[in-house]
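*Asks:* Output the structure for:
(chains A and B)
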Amino acid sequence: RKEVEQDPGPFNVPEGATVAFNCTYSNSASQSFFWYRQDCRKEPKLLMSVYSSGNEDGRFTAQLNRASQYISLLIRDSKLSDSATYLCVVNLKGEGSASKIIFGSGTRLSIRP
Amino acid sequence: SQTIHQWPATLVQPVGSPLSLECTVEGTSNPNLYWYRQAAGRGLQLLFYSVGIGQISSEVPQNLSASRPQDRQFILSSKKLLLSDSGFYLCAWGGWGRGGANVLTFGAGSRLTVL
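*Replies:* Model prediction:
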């Protein structure tokens, strides 16, 4: 079983739509959670952190359910510029001060005009 | 501010040839450093991470190795490349986010094609 699982998509939605991505993780000892965004042929960049209390940043809302080991990302009023691959990320305890940081395989989102 | 440099950006190598990818970080000391590989159309696979000079944690037992000869330098190597080593190699440093979590900042990546 993969440590972090995501629906690969692609999700193809019209501009202005609301879209939701889900992610599950297998290790209950996971410590922290994030969503990253990766544009085609570019490096990933941090989108937002995910907390049990929820985290909202403009049109983006992330939520963590520790009991179900489930992470979600909601994008409201989607824009053409939101087209990208969204990566679910889980930090595990690593050696020393480092986290072992595990990425899901990503969910591809395409926004159409 | 912190910056991360990775090179070369692109390379094409024959099967069986050696590999050396280099990553350096500026503007921070004693960073946690990471190497990932992304095969075409796939997710990021953690290869190695390091908490300090000479300290390497290996996640994938393959024909790759990593070294950290200086605090802000992280090198990925292979003695003999395989076709399956083709991919997008990403170096990252772990900064501190809320609650002390490691948040990654990536270099621009090195795209390797093995023929």
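
*Asks:* for chain A, what spans make up the strands?
*Replies:* With DSSP state E as the criterion, chain A has strands at A:4-6, A:11-14, A:19-25, A:32-38, A:45-50, A:55-57, A:60-65, A:70-75, A:84-93, A:99-103, A:107-112.

*Asks:* Take these and lay them out in a markdown table including distance to residue B:64, mean neighbour count and mean pLDDT.
*Replies:* The way it works is simple: take the backbone N, C-alpha and C, and place the C-beta from them, glycine included. Formatted as a markdown table, the strands of chain A follow (distance: least, C-beta to C-beta, whole Å; neighbours: other C-beta atoms under 10 Å in any protein chain shown; pLDDT from 0 to 100):
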| stretch | distance to residue B:64 | mean neighbour count | mean pLDDT |
| --- | --- | --- | --- |
| strand A:4-6 | 22 | 20 | 95 |
| strand A:11-14 | 34 | 14 | 96 |
| strand A:19-25 | 26 | 19 | 95 |
| strand A:32-38 | 22 | 23 | 96 |
| strand A:45-50 | 25 | 18 | 94 |
| strand A:55-57 | 35 | 14 | 93 |
| strand A:60-65 | 33 | 18 | 96 |
| strand A:70-75 | 30 | 20 | 96 |
| strand A:84-93 | 21 | 22 | 94 |
| strand A:99-103 | 17 | 23 | 91 |
| strand A:107-112 | 27 | 18 | 96 |
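
*Asks:* How about the residue in chain A that chain B sits nearest to, nearest residue that isn't a chain neighbour?
*Replies:* Nearest to chain B in chain A, going by C-beta to the nearest C-beta, is residue A:105, at a distance of 3.2 Å. Nearest residue to residue A:105, sequence neighbours excluded (C-beta to C-beta, 6 or more residues apart in numbering or on different chains): residue B:43, at 3.2 Å.

*Asks:* and if you look at residue B:75?
*Replies:* Nearest non-adjacent residue to residue B:75 (C-beta to C-beta, 6+ apart): residue B:67, at 4.9 Å.

*Asks:* can you check residue A:68 too?
*Replies:* residue A:24 (7.8 Å).

*Asks:* hang on, the earlier thing: quick one: contacts for the residue nearest to residue A:105?
*Replies:* Residues near residue B:43 by C-beta atoms under 8 Å, 6 or more residues apart in numbering or on different chains: A:87, A:103-106.

*Asks:* one more time with 10 Å, if that's ok
*Replies:* Contacts for residue B:43 were tallied using C-beta atoms under 10 Å, 6 or more residues apart in numbering or on different chains; they are A:2, A:4, A:6, A:8, A:38, A:44, A:85, A:87-88, A:102-106, B:36.
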